[in-house]
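Participant: 3D, please:
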Amino acid sequence: MNDIKSFIAYVADGNSLTAEQSEKAFDLLMTGEATSAQVAGFLMSLRVKGETVDEITGAARSMRSKMLTIKAPEGAIDVCGTGGDAKGTLNVSTATAFVVAGAGAIVAKHGNRAASSKSGASDVLGALGIGLEANVDAVEKALAENGTAFLAAPLYHSAMRHVGPTRAELGTRTIFNLLGPLSNPGKVTRQITGVFGREWVEPLAQVLKAIGHEKAWVVHGAEGLDELSISGLSYISELDQGQIRNFEIIPEMAGLERSPIEEIIGGDAAFNAKAMREMLGGKKNAYRDAVVLNSAGALIVAGLTDDLKEGAVIAAKSIDSGAALAKLDGLASYTNEETTQ
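Facilitator: Numbers count the residues shown, from 1 in each chain. Have a look, this model is predicted:
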């Protein structure tokens with residue numbers, strides 16, 4: 001198969017692609033060699049058939065090969081979610097990035113503007129004064145000296161311009177909803193990633209293994225959250241040194257009380273930014289507990305602890321000492337020194 005028409009016909013007939021075939025097909029999509037109708041036809045053929053681990057792996061390799069990269073220190077981690085859970089919660093993974101950085105991890109946070117919620121990572125960080133168009137030098141400096149940086153997806157994935165308009169017109173989930181968390185410009189090999197559906201937990205761990213990750217947690221929380229849930233059960237697939245194991249946790253395992261999801265529902269970027277600054281400033285509420293829980297998992301992925309309850313203690317100290325808030329303010333300073341030309 002050498003053209004997109006043959007790939008569309010093959011997948012539409014119910015056949016699955018190898019990783020190599022998928023990479024070739026996505027190379028065609030992301031270099032502008034497919035029309036909008038062909039992009040839509042191929043993406044929806046995959047969706048209806050059901051995307052496989054090999055197909056996601058090939059697509060991720062294609063996307064990663066075309067992204068602008070930065071130099072991230074060894075051991076850097078990403079804390080992100082697929083989005084798409086449509087719950088409208090406060091920005092948990094974004095706040096988690098600062099808490100984990102305050103505890104000593106190096107965090108290259110990859111993210112974008114909201115697609116299905118009112119406030120994505122870029123939205124809330126912009127409201128908090130983070131420069132979203134900081135150039136590569138400024139981002140690398142922030143990562144090296146402040147221990148945290150934000151990688152705004154549009155600046156690093158210019159090839160997405162060939163498929164972005166079609167995705168918007170489709171208005172429904174495609175494989176690209178899964179690819180963002182697999183395509184960190186810092187090429188981190190450690191990450192905790194939330195997914196919008198439980199059925200994607202283990203498959204994405206398998207993809208992360210295939211693209212060379214060292215350690216990862218892929219998580220899905222009760223009530224459909226793309227993060228660890230403070231309201232109940234969470235499902236985790238852990239990748240560690242090439243091995244994958246599946247397990248479940250509840251907040252009590254981290255020494256935390258449960259809270260209903262209604263207590264962490266957010267609003268627009270300004271609302272969520274205010275809530276994040278208050279929480280990082282020491283305000284104790286369900287939002288703090290949700291961030292502490294997710295930070296505990298992230299600290300395990302970062303190798304700073306191997307115990308969830310200890311991770312929660314470390315995360316709480318990062319907040320209460322002011323270290324987490326200092327990382328936020330430091331990132332604002334670094335990213336407003338220079339911006340892209």
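
Participant: what about the strands in the stretch 151-300 of the chain?
Facilitator: 190-194, 215-221, 234-240, 243-249 (DSSP state E, counting those that start in this stretch).

Participant: could those be laid out in a markdown table, adding distance to residue 163, mean neighbour count and mean pLDDT?
Facilitator: The C-beta positions use only the backbone N, C-alpha and C, and glycine is treated the same way. Shown next, in a markdown table, are those (distance: least, C-beta to C-beta, whole Å; neighbours: other C-beta atoms under 10 Å; pLDDT from 0 to 100):
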| stretch | distance to residue 163 | mean neighbour count | mean pLDDT |
| --- | --- | --- | --- |
| strand 190-194 | 21 | 28 | 97 |
| strand 215-221 | 24 | 26 | 98 |
| strand 234-240 | 27 | 21 | 98 |
| strand 243-249 | 30 | 12 | 98 |
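
Participant: out of these, which gets nearest to residue 263?
Facilitator: strand 215-221 (14.0 Å; C-beta to C-beta).

Participant: turn the strands of the stretch 151-300 of the chain into a markdown table, including distance to residue 68.
Facilitator: A markdown table is the format used below for these (distance: least, C-beta to C-beta, whole Å):
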| stretch | distance to residue 68 |
| --- | --- |
| strand 190-194 | 19 |
| strand 215-221 | 23 |
| strand 234-240 | 26 |
| strand 243-249 | 30 |
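
Participant: which of the ones you listed sits closest to residue 298?
Facilitator: Evaluated over the strands of the stretch 151-300 of the chain, closeness to residue 298 peaks at strand 190-194, with 4.7 Å, by C-beta to C-beta.

Participant: show me what that closest one is in contact with.
Facilitator: 75-82, 85, 93, 181, 184, 204, 208, 213-221, 225-228, 294, 297-298, 301-303 (C-beta atoms under 8 Å, 6 or more residues apart in numbering).

Participant: show the buried residues in those residues.
Facilitator: 76-82, 85, 93, 181, 184, 204, 208, 213-221, 225-228, 294, 297-298, 301-302 (16 or more other C-beta atoms under 10 Å).

Participant: so which of the strands of the stretch 151-300 of the chain is nearest residue 160?
Facilitator: strand 190-194 (18.8 Å).

Participant: now that closest one and strand 215-221, what's the angle there?
Facilitator: 10 degrees (axes from the mean of the first three to the mean of the last three C-alpha atoms, to 10 degrees).

Participant: how far out from the middle of the chain is strand 190-194?
Facilitator: Distance of strand 190-194 from the chain centroid (C-alpha atoms, centre = their mean, to the nearest Å) equals 7 Å.

Participant: strand partners (parallel or antiparallel) of it?
Facilitator: Sheet pairing of strand 190-194 (DSSP bridges) gives strand 77-81 (parallel), strand 215-221 (parallel).

Participant: dump the ones you listed into TSV; add distance to residue 169 as well.
Facilitator: Shown next, in TSV, are those (distance: least, C-beta to C-beta, whole Å):
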stretch	distance to residue 169
strand 77-81	24
strand 215-221	28
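
Participant: quick one: which of these is nearest residue 141?
Facilitator: So among those, strand 77-81 is nearest, using C-beta to C-beta, at 18.6 Å.

Participant: mean confidence for that closest one?
Facilitator: Regarding strand 77-81, the rounded mean pLDDT is 94.

Participant: residues making contact with it?
Facilitator: Residues contacting strand 77-81 (C-beta under 8 Å, 6+ apart): 93-94, 96-97, 100, 105-111, 121, 180-181, 184, 186, 188, 190-196, 226-227, 294, 298, 301-302.

Participant: alpha carbons of it, as PDB, please.
Facilitator: In PDB, the C-alpha atoms belonging to strand 77-81 read as follows (Å, rounded to 0.1, in the frame of the first residue of the first chain):
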ATOM      1  CA  ILE A  77       8.500  13.200  33.500                       C
ATOM      2  CA  ASP A  78       5.200  14.300  31.900                       C
ATOM      3  CA  VAL A  79       1.900  14.600  33.800                       C
ATOM      4  CA  CYS A  80      -1.000  14.700  31.300                       C
ATOM      5  CA  GLY A  81      -4.400  13.400  30.200                       C
END
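
Participant: so how far is it from its chain's centroid?
Facilitator: 4 Å.

Participant: what about residue 224, neighbour count?
Facilitator: 15 (other C-beta atoms under 10 Å).

Participant: pLDDT value on it, please?
Facilitator: For residue 224, pLDDT reads 91.

Participant: surely it and residue 89 touch.
Facilitator: No. The criterion here is C-beta atoms under 8 Å, and residue 224 misses it with residue 89 at 10.5 Å.

Participant: and residue 21, what element?
Facilitator: Under the criterion of DSSP states H and E, residue 21 resides in helix 19-29.

Participant: counting neighbours, which bits of that helix end up buried?
Facilitator: Judged by neighbour count using 16+ other C-beta under 10 Å, the buried positions of helix 19-29 are 19, 21-29.

Participant: a markdown table for these, including distance to residue 200 and pLDDT?
Facilitator: As requested, the buried residues of helix 19-29 are exported to a markdown table (distance: C-beta to C-beta, whole Å; pLDDT from 0 to 100):
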| residue | distance to residue 200 | pLDDT |
| --- | --- | --- |
| 19 | 17 | 98 |
| 21 | 21 | 98 |
| 22 | 16 | 98 |
| 23 | 20 | 98 |
| 24 | 23 | 98 |
| 25 | 20 | 98 |
| 26 | 18 | 98 |
| 27 | 24 | 97 |
| 28 | 25 | 97 |
| 29 | 21 | 97 |
